[in-house]
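# Okay, sequence plus prediction incoming.
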Amino acid sequence: MPETRRKLTTIFSADVQDYTRMMRADEEGTLDTLKLYREAMSRLIEAHYGRVINTWGDGLIAEFSSVVEAVRAALDVQTELAGYNADRPDETRMLFRIGINLGDVIAEGDDIYGDGVNVAARLQASASAGGIVISNTVYDQVRNKLAVGFECLGQLQVKNIEGGVLSYAVRIGEDTKQAQPVTPAVNDGYRADLTRTGATAAASKSTSLALLAIIAIGLVGINFLSWDGTFWSRWPLLVLAAIWGLRWAKTAERIDRFIAALVVIGLTIAGINMISWEGRFWAAWPLLAIAVIGGIRWVMRYRRSAGG
């Protein structure tokens, strides 16, 4: 039998707003979208040293040893998913609600149970679409550690918890330490802020890529118009390629961003070796070091995802 024990942990609970309606309208399309969004959510949870415990229907439960990392993960999730939703029709946008609680739970094998989990689920159910709601135990730990605003939602009634749980909505982009009463208009603004944030991020990414391409074309044009037998623009082109690669690695959706950055660095080093070739492949040594670092990172992530 799995060992049963109690522990203090941070519980992250999420589900999809209006999931039943979306399934009724387009079952296969909704399931495909859910898979894509859940993969992004799982990746971001792991990137913040969390562990996905269980998924069912449209729901997800994860746990974190750090309260701050749990909230950071939730912020990253909502921001990234808002970017996904920015280019989708309104009726196919998938908006998650997230609740986070720090509480004592019963751990049995890889699963957790108890009031701590129930509180997180209740907080999630009270969140607005695309929103985050945290308990007062989480608020006390993160209010002076994150550049976000908080708004008090008052006492949330939870089964088996006498007097309820004081809860707070998390607002992105506001360095506000004092919790203010929340109103429906503020919730609507929060959802709009999330959507605008994602759309702005997507537009910024496209603009940066376009600027790098224009600069590259300009450099090659200058090189050929002033041709003296030397293709000197290969060096700035390599730098531009490295910048683009690191930007891609920072926003990669399907792979570990740290490993993606290592790959870009390795290719850049190999490119320097090839451009300045003198008959010796000296890049083999730094590439070996990068491969070792990447392997260690992969093993550590695998152990975390396996609960080890």
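Perfect, I can see it now.
# what's around R93, how many residues?
20 (other Cβ atoms under 10 Å). Heads up, the C-betas are built off the backbone N, CA and C, glycines and all.
# Distance-wise, check the closest residue in space to G57 that isn't next to it in sequence relative to E27.
Distances taken as Cβ to Cβ, 6 or more residues apart in numbering put Y19 closest to G57, at 7.2 Å, once the chain neighbours are dropped. For Y19, the distance to E27 (Cβ to Cβ, to the nearest Å) stands at 11 Å.
# tell me the contacts of G266?
With contact taken as Cβ atoms under 8 Å, 6 or more residues apart in numbering, G266 is in contact with P286, L287, I290, A291.
# Closest one of those residues to L81?
I290 (31.2 Å; Cβ to Cβ).
# Surely the closest one is in contact with L262?
Yes: using Cβ atoms under 8 Å, I290 is in contact with L262, at 5.1 Å.
# now G271, what's its secondary structure?
Classification of G271 by DSSP: H, G, I helix; E, B strand; the rest coil places it in helix.
# That one and W282: what is the separation?
13 Å.
# Give me the below-cutoff pLDDT ranges for the stretch 151-300 of the chain.
Along the stretch 151-300 of the chain, segments meeting pLDDT under 70 span 172-206, 250-255.
# all strands in it, in order from the N-terminus.
Per DSSP state E, counting those that start in this stretch, the stretch 151-300 of the chain carries strands over the ranges 161-171, 180-181.
# which residues touch the residue of the chain positioned farthest from its centre?
Most distant from the centre of the chain: D228, at 48.6 Å, with distances by Cα atoms, centre = their mean. Contact analysis of D228 by Cβ under 8 Å, 6+ apart lists nothing.
# now T268
Counting by Cβ under 8 Å, 6+ apart, T268 touches L238, A241, A242, G245.
# tell me which of these is nearest to G83?
Looking across the contacts of T268 and measuring by Cβ to Cβ, the closest to G83 is G245, at 19.9 Å.
# For the closest one, give me its contacts.
V263, V264, L267, T268.
# Who wins on neighbours among those?
When neighbours are counted by other Cβ under 10 Å, V264 leads these with 20 neighbours.
# And T92, how close does it get to I243?
From T92 over to I243 (counting by Cβ to Cβ), the distance is 34 Å.
# just F224 next, same as before
22 Å.
# can you list the contacts of T268 in TSV and add distance to E39?
Below are the contacts of T268 laid out as TSV (distance: Cβ to Cβ, whole Å):
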residue	distance to E39
L238	32
A241	28
A242	27
G245	22
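# Buried subset of these, written for ChimeraX?
Per 16 or more other Cβ atoms under 10 Å, the buried members of the contacts of T268 correspond to this ChimeraX selection:
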select :238,241,242,245
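# Kindly indicate which of the contacts of T268 lies nearest H48.
G245 (23.5 Å).
# Kindly report the domain assignment for this protein.
4-198, 233-305 (automatic domain parsing).
# next structured bit after the strand or helix carrying M41?
Using DSSP states H and E, M41 maps to helix 27-47. Where DSSP H and E defines the elements, the next helix or strand beyond helix 27-47 is strand 50-56.
# centre of the chain versus that next one, how much separation?
15 Å (Cα atoms, centre = their mean, to the nearest Å).
# Kindly report the same for stretch 5-25.
With Cα atoms, centre = their mean, you get 16 Å for stretch 5-25.
# in it, what's buried?
Using 16+ other Cβ under 10 Å as the test for burial, stretch 5-25 gives T9, T10, I11, F12, S13, A14, D15, V16, Q17, Y19, M22, M23.
# what would those residues look like in TSV with pLDDT and distance to S42?
Listed next are the buried residues of stretch 5-25 as TSV, based on pLDDT from 0 to 100; distance: Cβ to Cβ, whole Å:
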residue	pLDDT	distance to S42
T9	96	18
T10	97	16
I11	97	16
F12	98	11
S13	97	14
A14	97	11
D15	96	15
V16	96	15
Q17	93	19
Y19	93	18
M22	93	20
M23	93	21
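# Surely L246 and A261 touch.
Yes: L246 lies in contact with A261 (Cβ under 8 Å); the separation is 6.1 Å.
# And those two? Which one has more around it.
Ranked by neighbour count (other Cβ under 10 Å), L246 and A261 place A261 first, with 18 against 14.
# Settle this for me: the more buried one is touching W248, isn't it.
No: taking contacts as Cβ under 8 Å, A261 lies outside contact range of W248: 9.3 Å.
# hey, what's in contact with both of the two?
Counting by Cβ under 8 Å, 6+ apart, nothing touches both A261 and W248.
# For beta bridges, what are the partners of the nearest residue to S42 once chain neighbours are set aside?
Distances taken as Cβ to Cβ, 6+ apart put V52 closest to S42, at 5.2 Å, once the chain neighbours are dropped. Taking DSSP bridges as the rule, V52 bridges to A62.
# Please state the offset of stretch 157-169 from the chain centre?
In terms of Cα atoms, centre = their mean, the centre of stretch 157-169 is found 28 Å from the chain centre.
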